[in-house]
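Student: return a 3D structure for these sequence lines:
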Amino acid sequence: MKKFIAASVVILILLVITEISLRIFFGLGTPPLMVTDANIGYLYKANQDLKRFGNRVVYNKYHQRSENLAKNPGYRILMVGDSITNGGASTDHSDTVTEILEHKINQSRETTGEALNASAGSWGVENEYEYIKKFGTFEADIVILQIGTHDLKQPKAVASVVGTASYPSNNPPLAIWELFTRYVKARVFKKSSRIGKITPADEGKQCLKNLNTIKQTIALTKKSDNAVIALLIPERAELHKEKNAAQKEDFITLMDEHNIPCINLLDKKFKLEKRYFRDPIHFNKKGNDFIADILYTHIETTGLLDRHS
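Tutor: Below you'll find the predicted structure:
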């Protein structure tokens, strides 16, 4: 009995140490939380500022991965996208595409402006349209529509995922609990957290629907006299294998018809490389810097901010 009690005490102490360590060093137990929205589907909960895997993760009152809006910024850019724009908890706040872009412009122009980041993991073009429809474009000088090539055939991400391990609406009871339910379990059973998959037979219909939604998104932004840029981002596999060719061609044609400049990262002049990816879809810090530099160069060479100054 004494040995059993002693062993139980040791196990309890180890569990407490593990729990505290997971919270302090990894930020487990306090994940970025999600909320549902009747039209958008879901958003990150407003007004969050936390540490996750050593990275700062911030969401403002408009559910953007950005600081609170400045009252009189020298310029304002709104970038709308999915997890590629968001960066996730694996990306520090300062290493997101929008923060890097903002820093580049502020340094070169010696001004104080802002680049806002309206995004969420697994958002499709319908989610992004509904976000702009609800919140507007915040009087932005430039709106950047980030479209992943897989987004062209992706259906709308729905609210029903909120409350699951990968889309938490409340903090888990323990950091250890989150470790096993969200990460260990997913690896053991190799369960993907991606949502919104459809059958190949329905891809064509969904692509047409998404292109129509993009048209509506462009119409919304143009009501506010914003300059609009489309940013088409491929998956890592597309660097050596053709995928989504018809969808990409239709999207680029649509941008041409609406006189929207389309930055296609698969264009050979940009020299996109595998080393910019941290996984098959998302970019690492070097990749985000690569994207921000391309956006910065386009904005400066076309004078898009000058026409609003």
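Student: so who does the nearest residue to residue 256 once chain neighbours are set aside touch?
Tutor: Among residues not flanking residue 256 along the chain, residue 262 sits closest, at 7.5 Å (Cβ to Cβ, 6 or more residues apart in numbering). Where you see a C-beta, it was placed from the backbone N, CA and C, and this is true even at glycine. Contacts here follow Cβ atoms under 8 Å, 6 or more residues apart in numbering; on that basis residue 262 touches 230, 231, 232, 251, 252, 255, 256.
Student: I'd say residue 19 and residue 179 touch.
Tutor: No. Contact criterion Cβ atoms under 8 Å: residue 19 and residue 179 do not qualify, at 9.6 Å.
Student: of the contacts of residue 262, keep whichever come out buried.
Tutor: 230, 231, 232, 251, 255 (16 or more other Cβ atoms under 10 Å).
Student: confirm the first one sits in a helix?
Tutor: No. The assignment for residue 230, made by DSSP: H, G, I helix; E, B strand; the rest coil, is strand rather than a helix.
Student: gap between it and residue 251?
Tutor: Computed as Cβ to Cβ, to the nearest Å, the residue 230 to residue 251 distance reads 8 Å.
Student: now the helix or strand harbouring residue 132, how far from the centre of its chain.
Tutor: Element membership for residue 132, per DSSP states H and E: helix 125-135. Centroid separation for helix 125-135 versus its chain: 14 Å, with Cα atoms, centre = their mean, to the nearest Å.
Student: buried residues, that helix. List them.
Tutor: Here helix 125-135 shows 125, 126, 127, 128, 129, 130, 131, 132, 135 as buried, counting by 16+ other Cβ under 10 Å.
Student: what does the pLDDT read for the second one?
Tutor: Model confidence at residue 126, given as pLDDT, is 97.
Student: who's in contact with it?
Tutor: When contacts are counted by Cβ under 8 Å, 6+ apart, residue 126 touches 155, 156, 209, 210, 213.
Student: how about the fourth one?
Tutor: Applying Cβ under 8 Å, 6+ apart, one finds that residue 128 lies in contact with 80, 81, 82, 118, 145, 217.
Student: 7 Å instead, please
Tutor: 80, 81, 217 (Cβ atoms under 7 Å, 6 or more residues apart in numbering).
Student: and what of the last one?
Tutor: Residue 135 makes contacts with residue 62, as judged by Cβ under 7 Å, 6+ apart.
Student: now with 10 Å, please.
Tutor: 40, 43, 62, 63, 64, 78, 80, 118 (Cβ atoms under 10 Å, 6 or more residues apart in numbering).
Student: in three-state terms, label residue 300 for me.
Tutor: Residue 300 - assigned by three-state DSSP - is helix.
Student: got a list of what it touches?
Tutor: 104, 105, 108, 109, 306.
Student: quick check: it vs residue 138, distance?
Tutor: From residue 300 to residue 138 the distance is 22 Å (Cβ to Cβ).
Student: go on, residue 231?
Tutor: Counting by Cβ to Cβ, the gap from residue 231 to residue 138 is 18 Å.
Student: next one: residue 92
Tutor: From residue 92 over to residue 138 (counting by Cβ to Cβ), the distance is 23 Å.
Student: what of residue 299?
Tutor: In terms of Cβ to Cβ, residue 299 sits 17 Å off from residue 138.
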